[in-house]
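In: starting from these lines, generate the structure:
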Amino acid sequence: MTGEDRRAFIAAHTRPLPVPSLPHIRLYQADEVTPLWLMTEADMVRDRLSPPFWAFAWSGGQALARYIFDHPHVVQERRVLDLACGSGLVGIAAALNGAQTVACNDIDPYAQTAVAMNAGLNGVQLDFIAGDLLSGDPPPVEVVLAGDIAYEAPMTQAMLTFLRRALAQGCEVWVGDPHRTYFPAEGFERCARYDIATNPDIEDSAVKPASVWRMIP
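Out: This next block holds a predicted model:
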């Protein structure tokens, strides 16, 4: 699929909706999980893509975005990376709260298109870094934000290795997580806890507790 094809697909199968816990932000979101998963399945197999995480406002990302609105000094006048960004929700929150620059990263080309569309919806400028960053050094940023990175064990370990590398290079690292099994509290300081309204089709309840953590040496 070309970029225009992906834009048309997203426009046809999602719609601009307020984020449940941050209604002043709108994203192109799917109403239902299963039909979109099935429609993207062929591309997922052929191109080894992730499932369409970009089409939903996941609870960890919502918690981290809310924390940024509550504590805008975390990102103000700073260069920010939204790692494994999905829809770009966390990056949008950073841009709306005065970040100097925001680079979103994801391996999924659909996410790249969704981020551009969602940035337009919210009137912000987001850059995009395509591909897998986890095996290399972080880009030249001061803050790394990551929401919902602990949904499976191997990916969690790869993410944590990258985040520790970013911390060692002087970045601040913030993670939003809805208390998933693979997220380790060790090496992190809990900074906030929220009850997040979410889509019960993608989570196990309509309200999901989620915490924001700061990585510590």
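In: need phi/psi at P184.
Out: With angles defined as degrees, to the nearest 10, P184 sits at phi -90, psi 130.
In: what strand or helix carries the closest residue to it other than its chain neighbours?
Out: Leaving out its chain neighbours, the residue that sits closest to P184 by C-beta to C-beta, 6 or more residues apart in numbering is L160, at 7.4 Å. (C-beta placed from N, C-alpha, C; glycine too.) Secondary structure from DSSP states H and E places L160 in helix 153-168.
In: buried set for that helix?
Out: Neighbour counts using 16 or more other C-beta atoms under 10 Å place T156, M159, L160, F162, L163, R165, A166, L167 of helix 153-168 among the buried residues.
In: okay, the residues you listed in TSV with pLDDT and distance to G91 next?
Out: What follows is the buried residues of helix 153-168, written out as TSV (pLDDT from 0 to 100; distance: C-beta to C-beta, whole Å):
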residue	pLDDT	distance to G91
T156	92	21
M159	95	17
L160	95	20
F162	97	17
L163	97	16
R165	97	20
A166	97	16
L167	98	20
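In: as JSON lines, the residues you listed with distance to L22 would be great.
Out: Putting the buried residues of helix 153-168 into JSON lines (distance: C-beta to C-beta, whole Å) gives the following:
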{"residue": "T156", "distance to L22": "25"}
{"residue": "M159", "distance to L22": "23"}
{"residue": "L160", "distance to L22": "26"}
{"residue": "F162", "distance to L22": "26"}
{"residue": "L163", "distance to L22": "24"}
{"residue": "R165", "distance to L22": "30"}
{"residue": "A166", "distance to L22": "25"}
{"residue": "L167", "distance to L22": "27"}
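In: P140: which of those is nearest?
Out: A166 (11.0 Å; C-beta to C-beta).
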